[in-house]
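Asks: Sequence and predicted structure, then a few things I'm wondering about:
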Amino acid sequence: MSLLAPGAWPSSATALDVPAHKDFVATIRAMTRSAAALSDLAVDDVEELQMAIDEAATLLLPLVDPDGDRRLVAEFQIEPADLCVTLRARARRGAEVDRSGLAWIMLTALDPEVVVASEGDDVSISIRRSRSGEGS
Amino acid sequence: MTDEDDRWAGGRAEEVGRLFETLASHAPDSVEHREARDRIVEIQLPLVRYLARRFAGRTAPFEDLVQVGALGLIKAIERFDPTLGHEFSAYAGPTIVGEIKRHLRDTGWLLRVPRRAKELHAAVARAREDLTHELGRFPSISEIAARVDASPDEVAETLDVVSAREGVPLDPLVDPAEGGGAQRLVAQEETGFGDAELRAVLQDALDLLSEQERRVVMLRFVGGHTQSEIAARIGVSQMQVSRLLSRSLARMREALDD
């Protein structure tokens, strides 16, 4: 039984737009905690999702185009028992997510189905978590 | 870029690949086999340390998690099939993380998180008061964080604990014309006396349970809470509460049948 009323929400898409700097990753972590509460995830899901966000930010921040807007955008798709977080940044032309480093291994260990996408100059990483014991 | 990254150097895929060939071509009890395995462990240890560091701190000491993670690494070496063409470190990562997570779960991680938050909350409250006096102004989050030896993020988290503690008085819900105040809303008839004897018998069976199992059983059957309420209260999923309950009841039933 959840105390929340997802059916009454006009929509569930939520976004946070912060400076592309490691100091601001904590604000995305905090928002993730609130979003996870709305999705009613398990406590360990929240912690792991926050770790995954740290790694995704670690992978994205070095790619940020110094001549671009230098913003890091976090989009939250908040569904009952399911939360998807997408981190997006304007990257230097041709810059790619480093898939040989430790951060990538950690990220894929936390979410084997992590999605990396490029759209124009934007690079994004999407992490999804369903409540433990439901779905995957 | 961390120290681990420097020493890890991309997992040295080629060298590791050759070492797995050595493993495959020598008997498990041979010197060559053991040396090759030790060398793979050595190369991959920065990976273990990196992953362990991410999970360490709040609930389990870093060095413990390195030990557990190293066990996961050895399991991964035993199970890895190089003929499938995957890189070893990509295979080892989830195995190591899985081992660390299992350890954290088995040692009651989920229950210690709220306690840590609660402890920190008390420390933050104290530091807030002390620093206000010392500085002659309200301390910043980072000043409090430095005092209680936690990150600013963790200090900010304790603010959630505060808001969760503050209740709303029931009185405004009561129509003043009806009188009696909130007392009338929360009062209920005591039916527990008749159950006292039964509880005495049950006590022996309850003693067989772990602290957590006992707590869940008490909350469910004595406190009358639903599984979801218990899950929220002790900070685990409803599924886990359900599993804990059925396991506890099975053990108690077994004890009472004896």
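Replies: The structure has been received and is ready for your questions. Numbering: from 1, shown residues only, chains lettered A, B, ... in the order given.
Asks: in which helix or strand would I find B:Leu209?
Replies: B:Leu209 is part of no helix or strand when elements are defined by DSSP states H and E.
Asks: what helix or strand does the closest residue to it other than its chain neighbours sit in?
Replies: Closest residue to B:Leu209 apart from its sequence neighbours, by Cβ to Cβ, 6 or more residues apart in numbering or on different chains: B:Ser248 at 5.3 Å. C-beta coordinates here come from the backbone N, C-alpha and C atoms, glycine included. Element membership for B:Ser248 (DSSP H and E) is helix B:238-257.
Asks: for that helix, packing partners?
Replies: helix B:196-207, helix B:211-217, helix B:227-234 (3 or more Cβ pairs under 8 Å, 6 or more residues apart in numbering or on different chains; DSSP states H and E).
Asks: Do you know the pLDDT at B:His86?
Replies: pLDDT for B:His86: 85.
Asks: Report how many residues lie close to it.
Replies: Per other Cβ atoms under 10 Å in any protein chain shown, the neighbour tally for B:His86 reads 11.
Asks: how far away is it from chain A?
Replies: 12 Å (Cβ to the nearest Cβ, to the nearest Å).
Asks: Now that residue: phi and psi?
Replies: phi -90, psi 160 (degrees, to the nearest 10).
Asks: list the contacts for it?
Replies: Contacts for B:His86 (Cβ atoms under 8 Å, 6 or more residues apart in numbering or on different chains) come out as none.
Asks: Is B:Thr132 in contact with B:Pro139, as I believe?
Replies: Yes. The pair B:Thr132 and B:Pro139 qualifies as a contact (Cβ atoms under 8 Å) at a distance of 6.3 Å.
Asks: ok, the two, which is more surrounded?
Replies: The neighbour comparison of B:Thr132 against B:Pro139 (other Cβ under 10 Å) goes to B:Pro139, with 19 against 12.
Asks: Can you check the pLDDT for the residue nearest to that one when sequence neighbours are not counted?
Replies: Once flanking residues are discounted, B:Pro139 sits nearest to B:Leu131: 3.6 Å by Cβ to Cβ, 6+ apart. B:Leu131 carries a pLDDT value of 91.
Asks: where's B:Leu131, which helix or strand?
Replies: According to DSSP H and E, B:Leu131 maps onto helix B:109-135.
Asks: With A:Ala95 instead?
Replies: A:Ala95 is part of no helix or strand when elements are defined by DSSP H and E.
Asks: How many neighbouring residues does it have?
Replies: A:Ala95: 16 surrounding residues under other Cβ under 10 Å.
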